[in-house]
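Enquirer: model this:
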Amino acid sequence: MSAPKSGRTQAWPTETKRPMAAWDACAMVRSRARDYNRNSTEGHYFKPSLMKVLGHPALGHFNAAELRELEILQLARYLYSVEQVETQLINPALLEIVQLDLPPVVRLDAYKIYTDEGYHALMSAELMHEILARYGLEQIRQQFPGQLQRVLNCIAELPTGPRNLALITAASLNETLISANLSQADDPNLVSSVREMIHQHRVDEARHHGYFMTVFPELWRRWPAEEREMVAGLIPRLLIMLLSTDVDPIARDLERFGLDGDAALSVVSFVHSVRPTKEELLEVGRGCFAMLRRAELVDHRSIRLGFSAEGFEI
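Expert: Take a look at the predicted model:
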């Protein structure tokens, strides 16, 4: 497949400024074995300040063992989500990118990111299974992330041309989000194996962020105008869906501790909004907006109307 040419001077990353230039020396899959002190159990399995349900009075009676299990369940859902996002969204988008008529280094860097993301899926799945088995929770089956399913469903409704662009766009938005979950790498109170895995993930994702920040605007400008117009109006929906919260899996975790279904859902709904607030959208999505600005999309009429339709005046 050929990426359409535009009249602009090409702005692909140069050899010396490519975010992926030092991949062989720095990528986790190339430079670090998965030997991060797996026997350590001292500390939190998930940062408590990121678990909003812990602040609800209904959980005030939870003992230390129950709180620890709740952290493990939260971690398992996070790791499973990482595994699915990498394999079901990011890597399929990268396979679309490498089919385009692009400079060789851009295509090769996409393959490097593809390799990284497969490794992140392995790290996440491996650590999830190890920790669940250690605490006798291996019978728990994870539910496919709802926000990811909604994104994939939205993309699947499009014809082939715009569908491929929407897939690349959704992956680019995801890779430029500023994730609070990755900030846990700085928390010395986390179990060391979890902290080290998240740190390794974050180091790689910083380079991926730079790649999509540079490459997406160029891909967008070279895509057929009519297909771009079909996808532009979906960008607000895609971003909001990526930032949405699935309350049902969190409620099911609470049901394990004696709360009935309605009570558990009431607790989670009290502390979690399904959709992001405007402040969360602008803060967590600031990398996305910077990328869209580079693509001259922030003031695009369809995007403005799309955010308005979703209840956001950006």
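
Enquirer: So Asp186 versus Val82, what's the distance?
Expert: Separation of Asp186 from Val82 (CB to CB, to the nearest Å): 18 Å. Every residue, glycine included, has its C-beta placed from N, CA and C.

Enquirer: Next: Ile131.
Expert: Distance of Ile131 to Val82, computed by CB to CB: 14 Å.

Enquirer: Please say which of the two ends up with more neighbours.
Expert: Remark: of Ile131 and Val82, Val82 carries more neighbours, 25 against 21, as counted by other CB atoms under 10 Å.

Enquirer: How about the more buried one, nearest residue that isn't a chain neighbour?
Expert: Ser124 (4.3 Å; CB to CB, 6 or more residues apart in numbering).

Enquirer: Quick one: neighbours of the one you found, just the number.
Expert: 25.

Enquirer: host element of it?
Expert: Element membership for Ser124, per DSSP states H and E: helix 104-134.

Enquirer: One more: Leu75?
Expert: Per DSSP H and E: helix 64-85 holds Leu75.

Enquirer: Quick check: next helix or strand after that helix?
Expert: helix 91-97.

Enquirer: Now do that next one: distance to the chain's middle.
Expert: 15 Å (CA atoms, centre = their mean, to the nearest Å).

Enquirer: just stretch 43-57 next, same as before
Expert: So, by CA atoms, centre = their mean, the centroid of stretch 43-57 is 20 Å from its chain's centroid.

Enquirer: nearest residue to Glu255 other than its sequence neighbours?
Expert: Ala264 is the one closest to Glu255 (CB to CB, 6+ apart), at 5.0 Å.

Enquirer: Tell me how many other residues crowd the one you found.
Expert: Neighbours of Ala264 using other CB under 10 Å come to 23.

Enquirer: Please apply the same query to Glu280.
Expert: 13.

Enquirer: ok so, going back, what do Ile131 and Val82 both touch?
Expert: Counting by CB atoms under 8 Å, 6 or more residues apart in numbering, Ile131 and Val82 have no contacts in common.

Enquirer: returning to that earlier point: any idea how far Leu165 is from the residue nearest to Val82?
Expert: 28 Å.

Enquirer: ok, and the closest non-adjacent residue to Asp246?
Expert: Excluding the flanking residues, the one nearest Asp246 by CB to CB, 6+ apart is Gly146, at 4.1 Å.

Enquirer: Quick check: the one you found touching Ile250?
Expert: No: judged on CB atoms under 8 Å, Gly146 makes no contact with Ile250 at a distance of 11.1 Å.

Enquirer: More neighbours: which of these two?
Expert: Legend: neighbour count by other CB under 10 Å for Gly146 and Ile250, higher for Ile250 (23 against 17).

Enquirer: Which residues are in contact with the nearest residue to Ser81 once chain neighbours are set aside?
Expert: Spatial nearest neighbour of Ser81, excluding adjacent residues (CB to CB, 6+ apart): Pro145 at 4.7 Å. Pro145 makes contact with 80-81, 84-85, 246, according to CB under 8 Å, 6+ apart.

Enquirer: pLDDT at Pro145, what is it?
Expert: Predicted confidence (pLDDT) for Pro145: 96.

Enquirer: for it, phi and psi?
Expert: For Pro145, the backbone dihedrals (degrees, to the nearest 10) come out as phi -60, psi 120.

Enquirer: What distance do you get for it to Ser244?
Expert: Applying CB to CB, one obtains 10 Å for the distance of Pro145 from Ser244.

Enquirer: next one: Tyr114
Expert: Tyr114 sits 26 Å away from Ser244, taking CB to CB as the criterion.

Enquirer: With Ala156 instead?
Expert: In terms of CB to CB, Ala156 sits 18 Å off from Ser244.

Enquirer: and what of Leu67?
Expert: 26 Å.

Enquirer: Repeat that for Ala21.
Expert: Taking CB to CB, one finds Ala21 at 35 Å from Ser244.

Enquirer: What of Glu117?
Expert: Glu117 is 22 Å from Ser244, by CB to CB.

Enquirer: Pick out whichever of the two has more residues nearby.
Expert: Applying other CB under 10 Å to Glu117 and Ser244 shows that Glu117 carries more neighbours, namely 26 against 18.

Enquirer: Can you pull out the low-pLDDT segments for the chain?
Expert: 1-17, 22, 24-28, 30-38 (pLDDT under 70).
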